[in-house]
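In: sequence plus predicted model, see below.
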Amino acid sequence: MEEWIMATKKLTDTPMMQQFKKMKDEYPDAILLFRVGDFYETYGKDAVAISSILHIILTKKGNGSGEFIEMAGVPYHAVNGYLAKLIRAGFRVAVCDQLEDPKFAKGLVKRGITELITPGTVLTDTLLDGKVNNFLCAIAIGKEIWGISFLDLSTGEFLTAEGSAEYVEKLVAEFEPKEIIYDREKKSQFQEHFSKWNGSIFEMEDWAFSLDATQERLKKQFSTANLKGFGIEEWKMAQIASGTILCYLDMTKHTLLEHLLSIHRIDEKSYVHLDSFTIRNLELFSPTTFEGKSLIEVIDRTLTPCGGRMLRRWLMLPLCQKEKILQRQECINDLLKNVSVREELQKSLPLVGDLERMISKLSLKRINPKEVLALGVALEAIEHIKILYEVQKERSFSISTENTFSLHEEYVVIKNTICEDTPMLLSKGGVIKDG
C-alpha cells in the first residue's frame, strides 16, 4: 500500500480519482474494478497488473493539473470472463459499482463496493467447475486441538471438524479448498503444517476467532438457541472455524445466506482419511503423467454436476463403517437389478441439471430468467423420480424418498409464468407470459 501512495501522491486528484483511492484504501490487497459508464476501469498499479494478466491495452487517464495515471478497463457486459482470469491468477477482486443512475446524479456519481470476489467465494459459472466443489476453508489453531470448516457458497454445503493438526492436514488434502483463512497471530503454527500449500491464503485478525463471537454468528445464521442439533455443541474449535467463515463472508459483502440452512460434522472415525501423498500416488483426482487419467475421470459417468460432486466426495472420504457400506451397496444392487427404474433415471436425471447451484443462485438473487426456466424443468424431473421411487418395493428406494416433499406447485408457477424462449437478461424483456 505504501508503494501505491508513493506512486500517486504527487498527483492532484480529480474528484473521481479521490473516490477511487478511497475505495482502494479499504481493500489495498485487492484489484479494484471501478464502474465508469459501460466499463470497469482500474488505475495505477492495478491497471498495470490487469493489463499484463488479461492482455489488454494499458493507457493513461487525465488526473487534473496536466497529470496522468495508468488506466486499463474492460466492458461491464463481459466482466465475468475477465474476472475468471484474475481469480485463477490468484488475485482478489473488489467490484465497485455505480449506486445511482448517472443521468440523475447531482455531481459525482455515488459508488460503493458491492462484492469482494476471492478464490473461495466465487459464484459465477465461468469460475466454477460443475463437478468440483469450490470450498472456502477456515482453520482455527489451538494448542492440541485444531478446528476446520469447509463452505461451498455456490451449493450451500457447510462442513466442520476438529482434531489434531495432522488430521486437519489430511482434511485439507482431501477437500482441496480454493482458499484458506486463518488467524494471523498463529502464522508460525500454520506454516509449520502448510508450508507447501500453494493455494490462496488470507490472514484474519485474531478478534474474528473469538469463541463467543463465532458461536453467536452460527446461532444467528441457523436461528437456533444452541448448536446441539448439529452435533457440534462440544466442538469449540470447530465452532470457531465455522463462525469465522461467516465473518469472512460478511467482510467480503456476501450477506445473502438463506441457503445455508445447516452445518454437518465430519466424524473422524466414520471415514478412511488419506494424506496428500496417498491421494497423489493413487491418482484419485489427477494423473501423475501428462498422458495419464485419474481414477475419477475413468469411473465418473454421472449425469448431473451434483452427482459428479457426490462421487468425488465418496472417493475423497471412503466409508469405514460396515453398516453404511452395506447400505450403499444395497442401493447400487437394487438399481442394477431394476432395469426399468435405471432407464427412467437415465432419462430424467440430465433434466435435473445443477439443482444445488440453481437453488443457491435463487437465494443469492443471482439467478437469470433462463435459469429459472431450467429450475422449473428440474423440479418436474424430480417429481417424476419421486413418484417412480414411491411405487417400487425395494427398501433402498423408499429410504431415498424419506423426508421429501412435492414441489409440483412451484413447477406449475414457473411453467405458467416464464416464457419458453425467455432471454438470459431480464432487461431485454420478453420474460413473463401475457395474462
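Out: All right, it came through fine. Residues are numbered from 1 along each chain as shown.
In: what about the stretch 51-200 of the chain, any weak spots by pLDDT?
Out: Within the stretch 51-200 of the chain, the stretches with pLDDT under 70 are 64-66.
In: scan this protein for its longest helix.
Out: Ranked by residue count under DSSP state H, the longest helix found in the chain is helix 369-390.
In: centre of the chain to that helix, how far?
Out: If you compare the mean C-alpha spot of helix 369-390 with that of the full chain, they lie 24 Å apart, counting by Cα atoms, centre = their mean, to the nearest Å.
In: which pLDDT value goes with Ile359?
Out: What the model reports as pLDDT for Ile359 is 92.
In: which element is Ile201 on?
Out: If you go by DSSP states H and E, Ile201 is part of strand 200-204.
In: list the strands paired with that strand, with their directions.
Out: Paired with strand 200-204 in the same sheet, following DSSP bridges, are strand 179-183 (parallel).
In: just the C-alphas of the partner strand, formatted as CSV.
Out: Backbone C-alpha positions of strand 179-183 (Å, rounded to 0.1, in the frame of the first residue of the first chain) are rendered in CSV as follows:
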residue,chain,number,x,y,z
GLU,A,179,-8.9,-20.6,-0.3
ILE,A,180,-7.8,-20.9,3.4
ILE,A,181,-8.3,-18.3,6.1
TYR,A,182,-6.5,-18.4,9.5
ASP,A,183,-5.5,-16.3,12.4
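In: before we move on, the earlier item: who are the packing partners of the longest helix of the chain?
Out: Counting contacts by 3 or more Cβ pairs under 8 Å, 6 or more residues apart in numbering; DSSP states H and E, the secondary-structure elements packed against helix 369-390 are helix 339-352, helix 355-364, helix 395-400, helix 408-417. Glycine gets a C-beta too; all of them are placed from N, C-alpha and C.
In: now that helix and helix 408-417, what's the angle there?
Out: Taking axes from the mean of the first three to the mean of the last three Cα atoms, to 10 degrees, one finds that helix 369-390 is oriented at 140 degrees with respect to helix 408-417.
In: contact partners of helix 369-390?
Out: For helix 369-390, the surrounding residues in contact (Cβ atoms under 8 Å, 6 or more residues apart in numbering) are 341, 344-345, 348-349, 351-353, 355, 358-359, 361-362, 367, 397-398, 400-401, 404, 406-408, 410-411, 414-415, 418, 420, 422-426, 431.
In: just the buried positions in that helix, please.
Out: Burial within helix 369-390, assessed by neighbour count using 16 or more other Cβ atoms under 10 Å, is assigned to 369, 371-376, 378-383, 385-386, 388-389.
In: what angle do it and helix 355-364 make?
Out: Using the same axes, to 10 degrees, helix 369-390 lies at 130 degrees relative to helix 355-364.
In: pLDDT on helix 369-390, on average?
Out: Per-region confidence: helix 369-390 scores 91 on mean pLDDT.
In: now the angle from that helix to helix 339-352?
Out: Using the same axes, to 10 degrees, the inter-axis angle of helix 369-390 relative to helix 339-352 is 160 degrees.
In: tell me, how many residues neighbour Glu291?
Out: Neighbourhood size, Glu291 [other Cβ atoms under 10 Å]: 5.
In: now it: how far from Leu345?
Out: 34 Å (Cβ to Cβ, to the nearest Å).
In: quick one: contacts for Thr118?
Out: Applying Cβ under 8 Å, 6+ apart, the residues contacting Thr118 are 87, 92-93, 136, 179, 200, 202, 252.
In: kindly recompute the last result at 10 Å.
Out: For Thr118, the contacting residues are 30, 87, 90-94, 136, 178-179, 181, 200, 202, 248, 251-252, 254, by Cβ atoms under 10 Å, 6 or more residues apart in numbering.
In: just checking, Gly120 touches Phe202?
Out: Yes: counting by Cβ atoms under 10 Å, Gly120 sits close enough to Phe202 to count as a contact (8.3 Å).
In: what sits in contact with each of the two?
Out: Where contact means Cβ under 10 Å, 6+ apart, the residues bridging Gly120 and Phe202 through contact with each are 136, 138, 179-181, 248, 252.
In: so the closest residue to Thr124 other than its chain neighbours versus Trp146, what's the distance?
Out: Using Cβ to Cβ, 6 or more residues apart in numbering and skipping the chain neighbours, the partner closest in space to Thr124 is Asn80 (5.0 Å). With distances defined as Cβ to Cβ, the gap from Asn80 to Trp146 amounts to 36 Å.
In: ok, those two, which is more surrounded?
Out: Set side by side, Asn80 and Trp146 show unequal neighbour counts under other Cβ under 10 Å, the larger going to Trp146 at 28 against 12.
In: quick check: phi and psi on the more buried one?
Out: For Trp146, the backbone dihedrals are phi -110, psi 150 (criterion: degrees, to the nearest 10).
In: domain parsing for the chain?
Out: Structural domains annotated on the chain: 2-117, 126-277, 321-428, as defined by automatic domain parsing.
In: nearest to Phe285, of these?
Out: Evaluated over these, closeness to Phe285 peaks at domain 126-277, with 7.6 Å, by Cβ to Cβ.
In: quick revisit: so which of the helices and strands packed on helix 369-390 is the most packed in?
Out: Among these, helix 355-364 has the highest mean neighbour count (mean count of other Cβ atoms under 10 Å), at a mean of 19.
In: good, wrapping up.
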